[in-house]
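1. Structure for the following, please:
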Amino acid sequence: MMLRIRSRDGLERLRVDDPNATIGHLKTLIQSQLRIPIAHQTLSMNQNLLLAKTPSDLSSFTDMADPSIPLSVLNISHGSFVYVYYDGIERSVAGPAFHPAGSFGRKMTMDDLIAKQMRVTRQENPHCELVSFDRDCANMFQYYVNETLAFAVKRGGFMYGTVSEVGKVEVDFIYELPQQGSEENLVFFRDPEEEKLVEAIALGLGMRRVGFIFSQTVSQDKKDYTLSNRELLQAVEFHAESGLKEWVTAVVKLEVNEDGAADVHFEAFQMSDVCVRLWKEGWFETEIGEEGADPKISRMKKDVVVGVKDTREVDNDFFLVVVKIFDHQGPLSTAFPIENRNVPVTTKALQNHLDRTKNLPFVKRISDFHLLLLLARFLDINADVPALAACVSKQEPVPDGYKLLIESVASSS
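-> Predicted structure coming up:
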């Protein structure tokens with residue numbers, strides 16, 4: 001382990017290789033590595049040691065006086081501070097190599113060095129004021145996860161909607177991309193062509209991709225974490241990819257209530273700014289073994305500072321910022337079959353849907369993202385798809401040409 005030794009000369013680092021090292025062993029290392037004779041050393045975990053002025057002051061610091069006490073008994077571990085007082089000798093401390101910085105050749109101070117450390121702290125406030133879910137789209141997602149998948153395997157998708165000037169996110173539809181879920185993993189098989197169609201529809205609707213939603217499995221209800229390390233890596237990857245500071249990650253889970261019944265819960269978070277930065281700069285260990293890895297811990301490739309400790313293991317909760325959840329009634333319906341589920345969506349579903357909704361205005365009949373996604377496969381992505389979606393967004397009459405084309409696609413089943 002590496003200890004931080006603080007004296008009146010400043011901060012120095014000391015390597016201790018023996019896990020069973022005692023205070024006496026530590027004093028020997030300080031003598032050999034830092035050139036402070038054992039006879040002149042007074043050690044303590046109390047930083048007030050460095051304020052001592054008289055032998056009487058020094059005598060009150062006895063927590064590290066017994067050389068036989070193991071360091072582990074004092075909870076001294078990697079990154080811990082140990083304070084050392086000495087007097088009567090002269091020594092020079094080898095500092096870091098300083099380089100002039102700034103237009104006036106300013107040298108780096110200790111504060112500059114501390115600022116360059118990667119510190120992981122909790123972020124209190126999200127960039128997103130709140131997230132509001134369209135009731136129907138949220139219900140269709142949780143219903144499938146609950147009734148069809150029984151929360152036995154994971155399921156996910158991208159959330160689309162709007163972001164207000166004050167950071168309010170409204171989710172109006174969920175695109176469920178091709179995927180394979182298991183009890184612990186959620187693997188996406190992203191289809192760039194299909195995603196282009198989704199983006200064209202969102203553009204016409206005046207919406208954009210605003211977040212990521214996924215379900216946890218029923219077995220995870222017994223785990224002592226909010227997000228596992230795998231879930232965190234997937235969430236921060238999508239957050240970083242989006243470039244949207246209000247990006248939201250939503251989790252759907254099953255929890256057992258006081259009566260023994262199961263309730264479906266939605267929770268929403270943002271990945272903290274430092275989490276996104278660590279991802280972009282490649283600090284995360286992305287290879288997670290099947291056994292032995294604590295799911296509530298994310299591992300780093302280099303030391304980060306958490307509290308006062310240097311560590312490569314960070315509790316996932318440090319990276320999560322809670323977002324308030326509301327609901328609303330959005331502009332789209334959710335009556336059409338949803339893409340990339342167990343049963344492929346065909347033009348036959350389109351014919352059935354149009355037959356069922358004959359009593360509605362035509363624009364109302366097609367005001368469904370999942371229906372528009374099927375239609376988009378038969379339309380020009382640059383002109384027709386945004387134009388048709390714009391009709392839905394404004395609830396304007398659909399031009400006769402589009403009506404004929406849609407009815408033609410439906411009758412081809």
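2. For stretch 204-211, buried residues please.
-> The neighbour-count check on stretch 204-211 (16 or more other Cβ atoms under 10 Å) flags 204-205, 207, 209-211 as buried. For the C-beta atoms, the positions are set from N, CA and C on the backbone; glycine is no exception.
3. scratch that, stretch 274-287 is what I was asking about
-> Within stretch 274-287, judged by 16+ other Cβ under 10 Å, the buried ones are 274-276, 278-279, 283-284.
4. where does the stretch 151-300 of the chain have low pLDDT?
-> Confidence mapping of the stretch 151-300 of the chain against pLDDT under 70 gives the ranges 221-222, 260, 290-292.
5. ok, and the closest non-adjacent residue to Q117?
-> Excluding its sequence neighbours, the residue lying closest to Q117 (Cβ to Cβ, 6 or more residues apart in numbering) is V305, at 5.1 Å.
6. Give me the distance between stretch 356-369 and the centre of its chain.
-> The offset between the C-alpha centroid of stretch 356-369 and the centroid of the whole chain comes to 39 Å, using Cα atoms, centre = their mean, to the nearest Å.
7. got the end-to-end distance for that stretch?
-> 17 Å (Cα to Cα, to the nearest Å).
8. L388 against A200, yeah?
-> No: counting by Cβ atoms under 8 Å, L388 sits too far from A200 to count as a contact (9.7 Å).
9. re earlier: tell me which of the buried residues of stretch 274-287 fall in helices.
-> When helices are assigned by DSSP state H, the members of the buried residues of stretch 274-287 inside them are 274-276, 278-279.
10. Among these, which one sits closest to R230?
-> If you rank these by distance to R230 using Cβ to Cβ, W279 comes first, at 13.8 Å.
11. Name the helix or strand for the residue lying closest to the closest one once chain neighbours are set aside, please.
-> Counting by Cβ to Cβ, 6+ apart, V236 is the residue found nearest to W279 once chain neighbours are left out, at 4.5 Å. Element membership of V236 [criterion: DSSP states H and E] is helix 229-242.
12. what packs against that helix?
-> With contacts defined as 3 or more Cβ pairs under 8 Å, 6 or more residues apart in numbering; DSSP states H and E, helix 229-242 has these neighbours: strand 208-215, strand 248-256, strand 262-271, helix 273-280, strand 297-306.
13. Throw these into a markdown table and include distance to P192, thanks.
-> As requested, the helices and strands packed on helix 229-242 are arranged in a markdown table below (distance: least, Cβ to Cβ, whole Å):
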| stretch | distance to P192 |
| --- | --- |
| strand 208-215 | 14 |
| strand 248-256 | 22 |
| strand 262-271 | 24 |
| helix 273-280 | 22 |
| strand 297-306 | 29 |
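14. out of the ones you listed, which comes closest to N352?
-> Comparison of the helices and strands packed on helix 229-242 against N352 by Cβ to Cβ identifies strand 208-215 as nearest, at 27.4 Å.
15. Closest one to D63 out of the buried residues of stretch 204-211, please.
-> Distance to D63, by Cβ to Cβ, is smallest for G211 among the buried residues of stretch 204-211, at 50.2 Å.
16. ok, what's across the strand from that closest one?
-> With DSSP bridges applied, the residues forming beta bridges to G211 are M159, V248.
17. Wait, it touches V131, no?
-> Yes: assessed by Cβ under 8 Å, G211 is found in contact with V131 at 7.1 Å.
18. Walking through the stretch 51-200 of the chain, point out its strands one by one.
-> Taking DSSP state E, counting those that start in this stretch to define them, one finds strands in the stretch 51-200 of the chain at 81-85, 130-134, 156-163, 168-175, 179-181, 186-188.
19. what's the closest of the ones you listed to G24?
-> strand 81-85 (13.6 Å).
20. So what are the sheet partners of that closest one and their directions?
-> For strand 81-85, the pairing partners within the sheet under DSSP bridges are strand 2-7 (parallel), strand 42-44 (antiparallel).
21. how close does R377 sit to V409?
-> From R377 over to V409 the distance is 9 Å, taken as Cβ to Cβ, to the nearest Å.
22. Can you tell me who the closest residue to V322 other than its chain neighbours pairs with across the strands?
-> Across the structure, with Cβ to Cβ, 6+ apart as the measure, the residue nearest V322 apart from its sequence neighbours is F269 (6.0 Å). Residues found in beta-bridge contact with F269 (criterion: DSSP bridges) are T249, V322.
23. what residues are up against F269?
-> 126, 226-227, 235, 248-251, 320-323 (Cβ atoms under 8 Å, 6 or more residues apart in numbering).
24. mind giving me TSV with those and columns for distance to T162 and neighbour count?
-> Compiled in TSV, these are given as follows (distance: Cβ to Cβ, whole Å; neighbours: other Cβ atoms under 10 Å):
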residue	distance to T162	neighbour count
P126	17	23
T226	27	19
L227	26	26
A235	21	28
V248	12	29
T249	18	26
A250	16	25
V251	21	21
L320	24	23
V321	21	19
V322	21	13
V323	16	22
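25. and those as JSON lines, adding distance to V153?
-> Output for the contacts of F269, formatted as JSON lines (distance: Cβ to Cβ, whole Å):
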{"residue": "P126", "distance to V153": "29"}
{"residue": "T226", "distance to V153": "20"}
{"residue": "L227", "distance to V153": "17"}
{"residue": "A235", "distance to V153": "18"}
{"residue": "V248", "distance to V153": "23"}
{"residue": "T249", "distance to V153": "19"}
{"residue": "A250", "distance to V153": "18"}
{"residue": "V251", "distance to V153": "15"}
{"residue": "L320", "distance to V153": "23"}
{"residue": "V321", "distance to V153": "28"}
{"residue": "V322", "distance to V153": "26"}
{"residue": "V323", "distance to V153": "26"}
